[in-house]
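Chemist: the following block contains a protein sequence and its predicted model.
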Amino acid sequence: MQPDARFRFENFVVGSANRLAVAAARAVAEAPGSAYNPLFVYSASGLGKTHLASAIGNYAKQLQPTLQTEYVTLDDFVEQLHAAISIGQTLSFTQRYAHVDMLLIDDVQFLTGRRETQSEMLRLFNLLQGSGRQIVMTSDRPPNEIADVDERLVSRLAGGLIVDIGPPDYETRAAILRNKCEERGVTLRPNVLDELAKTEFANVRELQGALNRVIAQQQLGGPVRTDQVRVVLGEPAPSWRAPTPAKEMGGEYLSFLSDVASVVAQNVEGWRMRVSEAIAFWNGEGYRTAVLERALHLKKQPDIEGLLGMYTAAIERLRALETEVNTLDPALGASEAFRDPERVNEAEEMVRRAQSGEIPPPGPSAAFTRAGYEVSPSNQMAVKAADAVAADPGGKYNPLFIHGPSGTGKTHLANAIGNEIVEASGGAIAVSYVSAGEFIDELIAALQEGTLERWRARYRAAGALIIDDVQFAAGKERTQEELFHVFNVLHTEGKQIVLTSDRGPKELEGLEDRLRSRFEGGLVVGIDQPDRALREKLYARYLSMVEPPAEAGLLEYLSDRPAASVREIIGTVNRLVAAADVAGVTLGVDLARTELEGVGSAPAPAPVNARAMDAFFLDDEKVVWDWPDVSGRAIEEWR
């Protein structure tokens, strides 16, 4: 569903209570995926969350007409997910949203207790953020106050910028009332709107309902005087009354729309209208329409029935291929080849290779580069080992086992190793990156579908294998058995293996001795929490992006403060930047002390600059497969 076209930045009144939210929303709309990702807006009901979310989508679409935007309420999202599950099309459901450039989700507070939806949303967030696509969410409360939500999802929701919208102040209420009167062509007596604005309504809907009552009174009984406003409203303040829908705005508006449609129909050739409608429809479904767009530029009318028929047939073929490849390798279903009717042959070849097990698991994320990884004594040993492995894969340290607390850069370094190997080999070495959760998930699917040999062939086809968060394999007997065999095959063939974990091999309870000994047979290196040297480098990098430049002394002040992870460092910088923007001051030590040491107003939530910083600290979400039923668990544990 597309955002409501009526909701735009132009008709959103900005005041002190929503200034930060509007500024963040505009930044996201102007540069989707590179400003704040995700953007999380919360407020009480009726204060403009839905308006602001739709305004983001509409403005982004205005700036980039080819941008694929999708607006959905959480209730609709849940209904679509349940429908997909009921017909066995869960993967198609995920892939549909994975192709969206900007996803706007309204009312996420209803995630409470919906474990299956939470798991699917985690997966979807991984796909979207991993490819630099924008996510915007609204709620009536901040993430940490949404009850019964997976901590991993709360962390992801809080990983971008969290902004709130407060009740409108007097000036904002007055501006809203004037705007509404102008939109409706209504004129009230002097000071009536000012008197109405003096009433402190809880939200904009109540304010608009009060205006409706005053307008209705004027239409029925003549102009309302200032001293009559309170009488018309009554005490307490009137309850909300829904704004008048467009369909009830009178015959003139509908007549205007009819006239416009007639003029358009008279000046546009019928066949071009049909093609344009097809383009709009298939764009909405997420498919490329270049072949139809080229037809619009033809001087003579082509065979429209044949053109649209061939295009539709190609899409049906792509849908069948996408469904088939999703059962073989869900990661392949995200390929753009399955969304372009001109690439049917490429999609067919991809399915053929997947069926034969020739395609290894997907490679590392290009966002995690070695050049973007800062080095200090806290991670120096691990970085030196990573460089040695990248220079001589399978030769010096095999396997390389990297361990350390969450958020210290293990995922970044592991992906960077993979990218260095790919670049150095000119793409000759097929590097595969997979989280332990995905490894387990794929294994269970292979056991259920009887495709275990194809699953094994995929992993054995990898030229180098990186497994993130391998601690989740501990205690799972069948997973460890298959990992043991994959490990042996790759290691025997001299292919590099890289593993990451939150603990060293000796500390992993439930890990079989045969795997433990193999993990320890290469090189085990640790990464510690950021030391002062690393904190100074990271703060210097991110403060250099701040405009206007931060005041002298701030870098030293921040570097002296302990930080548990790189995520915390990034969150601190963005929190201070947001506070400085709101206060209209230069970022300096005094502001930092106020925000970080609790002096003055409560500190703002920690935002994140996704494109500039996500590549360094926001490692892909580690989603452990949530067993949907006992039988699934039994299959995994069966040997």
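Modeler: Happy to help now that I have it.
Chemist: please name the residues that touch the residue nearest the centre of the chain.
Modeler: In the chain, the centroid-proximal residue (CA atoms, centre = their mean) is residue 135; its distance is 3.7 Å. Contacts for residue 135 (CB atoms under 8 Å, 6 or more residues apart in numbering) come out as 37-39, 102-103, 105, 125, 128-129, 160. From N, CA and C alone the C-beta is placed, and that goes for glycine too.
Chemist: tell me how far the helix or strand hosting it lies from the chain's centre.
Modeler: Taking DSSP states H and E as the criterion, residue 135 maps to strand 134-139. Mean-position distance between strand 134-139 and its chain equals 8 Å (CA atoms, centre = their mean, to the nearest Å).
Chemist: do the same with stretch 62-78
Modeler: Its chain's C-alpha centre and that of stretch 62-78 lie 12 Å apart, by CA atoms, centre = their mean.
Chemist: what's the end-to-end length of that stretch?
Modeler: This stretch, stretch 62-78, spans 29 Å end to end (CA to CA, to the nearest Å).
Chemist: ditto for stretch 281-300
Modeler: Using CA to CA, the gap from the first to the last residue of stretch 281-300 comes to 23 Å.
Chemist: buried ones in that stretch?
Modeler: Going by neighbour count (16 or more other CB atoms under 10 Å), the buried part of stretch 281-300 is 282-283, 286-289, 292, 295.
Chemist: ok, and what's touching that stretch?
Modeler: Contact partners of stretch 281-300, identified using CB under 8 Å, 6+ apart, comprise 2, 68, 96, 99-100, 272, 275-276, 278-279, 302, 307, 311, 315, 318, 336, 339-342.
Chemist: just the closest of the buried residues of stretch 281-300 to residue 428, please.
Modeler: Using CB to CB, residue 288 is the member of these that lies nearest residue 428, at 30.5 Å.
Chemist: so which helix or strand takes in that closest one?
Modeler: In the assignment (DSSP H and E), residue 288 maps to no helix and no strand.
Chemist: state the distance from it to residue 343.
Modeler: Counting by CB to CB, to the nearest Å, the gap from residue 288 to residue 343 is 8 Å.
Chemist: any shared contact partners between those two?
Modeler: Jointly contacting residue 288 and residue 343 under the rule CB under 8 Å, 6+ apart are residue 336.
Chemist: just the helices in the stretch 1-150 of the chain please.
Modeler: 19-30, 49-63, 74-86, 90-98, 115-130 (DSSP state H, counting those that start in this stretch).
Chemist: follow-up on the earlier one: nearest to residue 150, of the contacts of residue 135?
Modeler: For the contacts of residue 135, the closest approach to residue 150 (CB to CB) belongs to residue 125, at 11.6 Å.
Chemist: what's near enough to touch the closest one?
Modeler: By CB under 8 Å, 6+ apart, residue 125 lies in contact with 38, 135, 153, 156, 621.
Chemist: then residue 308?
Modeler: Counting by CB under 8 Å, 6+ apart, residue 308 has contacts 274-275, 278.
Chemist: residue 278 versus that one, what's the distance?
Modeler: Residue 308 sits 6 Å away from residue 278, going by CB to CB.
Chemist: with residue 372 instead?
Modeler: According to CB to CB, residue 372 stands 43 Å off from residue 278.
Chemist: following element in sequence after the strand holding residue 135, please.
Modeler: Scanning forward in sequence from strand 134-139 by DSSP H and E, the next helix or strand is helix 151-157.
Chemist: helices and strands around that next one, which ones?
Modeler: Packing partners of helix 151-157 (3 or more CB pairs under 8 Å, 6 or more residues apart in numbering; DSSP states H and E): helix 115-130.
Chemist: about what we covered before: out of the helices of the stretch 1-150 of the chain, which is closest to residue 417?
Modeler: Nearest of the helices of the stretch 1-150 of the chain to residue 417, taken as CB to CB: helix 115-130 at 17.6 Å.
Chemist: now stretch 98-118: mean pLDDT?
Modeler: Per-region confidence: stretch 98-118 scores 85 on mean pLDDT.
Chemist: turn the helices of the stretch 1-150 of the chain into JSON lines, columns for distance to residue 348.
Modeler: Shown next, in JSON lines, are the helices of the stretch 1-150 of the chain (distance: least, CB to CB, whole Å):
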{"stretch": "helix 19-30", "distance to residue 348": "38"}
{"stretch": "helix 49-63", "distance to residue 348": "33"}
{"stretch": "helix 74-86", "distance to residue 348": "25"}
{"stretch": "helix 90-98", "distance to residue 348": "17"}
{"stretch": "helix 115-130", "distance to residue 348": "24"}
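Chemist: go through the ones you listed and name the closest to residue 395.
Modeler: Closest approach to residue 395 among the helices of the stretch 1-150 of the chain (CB to CB): helix 115-130, 30.0 Å.
Chemist: check which residues of the closest one are buried.
Modeler: For helix 115-130, the neighbour count (16+ other CB under 10 Å) marks 117-130 as buried.
Chemist: ok so, going back, make a ChimeraX selection of whichever of the contacts of stretch 281-300 turn out to be buried.
Modeler: Here is the ChimeraX command that picks out the buried ones among these, judged by 16+ other CB under 10 Å:
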select :68,96,99,100,275,278,279,307,311,315,318,339,340,341
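Chemist: after the longest helix anywhere in the chain, which helix or strand is next?
Modeler: Of all segments of type helix in the chain, defined using DSSP state H, the longest is helix 304-328. Once helix 304-328 ends, the next helix or strand along the chain (criterion: DSSP H and E) is helix 344-355.
Chemist: how about the following helix or strand past that following helix: buried residues?
Modeler: Proceeding N to C from helix 344-355, the next assigned helix or strand is helix 380-391, under DSSP H and E. Residues 382-383, 385-386, 388-390 are the ones in helix 380-391 that count as buried (16+ other CB under 10 Å).
Chemist: stretch 361-379 now?
Modeler: Under the neighbour-count criterion of 16+ other CB under 10 Å, stretch 361-379 has 361-365, 367-370, 373-374, 376, 378-379 buried.
Chemist: contacting residues for residue 231?
Modeler: Counting by CB under 8 Å, 6+ apart, residue 231 touches no other residue.
Chemist: and it, how close does it get to residue 225?
Modeler: Distance, residue 231 to residue 225, using CB to CB: 10 Å.
Chemist: just residue 134 next, same as before
Modeler: Residue 134 is 49 Å from residue 225, by CB to CB.
Chemist: looking at those two, which is more packed in?
Modeler: More crowded of residue 134 and residue 225, by other CB atoms under 10 Å: residue 134, with 29 against 13.
Chemist: roughly how far apart are that one and residue 123?
Modeler: With CB to CB as the criterion, residue 134 and residue 123 are 17 Å apart.
Chemist: hmm, back to that, from the buried residues of stretch 281-300, which two are the most distant?
Modeler: Spatially, the most separated pair among the buried residues of stretch 281-300 is 286 and 295, at 19.9 Å (CB to CB).
Chemist: what angle sits between the strand or helix carrying residue 216 and helix 49-63?
Modeler: Secondary structure assigned from DSSP H and E places residue 216 in helix 204-221. Angle of helix 204-221 versus helix 49-63, following axes from the mean of the first three to the mean of the last three CA atoms, to 10 degrees, is 100 degrees.
Chemist: can you list the buried residues in the helix or strand following helix 204-221?
Modeler: Per DSSP H and E, the first helix or strand lying C-terminal to helix 204-221 is helix 229-233. Neighbour-count burial for helix 229-233 flags 229, 232-233 (criterion: 16+ other CB under 10 Å).
Chemist: for stretch 206-213, same thing?
Modeler: Buried-residue list, stretch 206-213, by 16+ other CB under 10 Å: 206-213.
Chemist: dump those to CSV, plus pLDDT.
Modeler: Shown next, in CSV, are the buried residues of stretch 206-213 (pLDDT from 0 to 100):
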residue, pLDDT
206, 77
207, 77
208, 77
209, 77
210, 79
211, 80
212, 77
213, 77
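Chemist: if we only consider these, which is nearest to residue 62?
Modeler: Closest to residue 62, out of all of these and judged by CB to CB, is residue 208, at 25.6 Å.
Chemist: does the closest one touch residue 180 like I think?
Modeler: Yes. Proximity of residue 208 to residue 180 meets the contact threshold set by CB atoms under 8 Å, at 6.4 Å.
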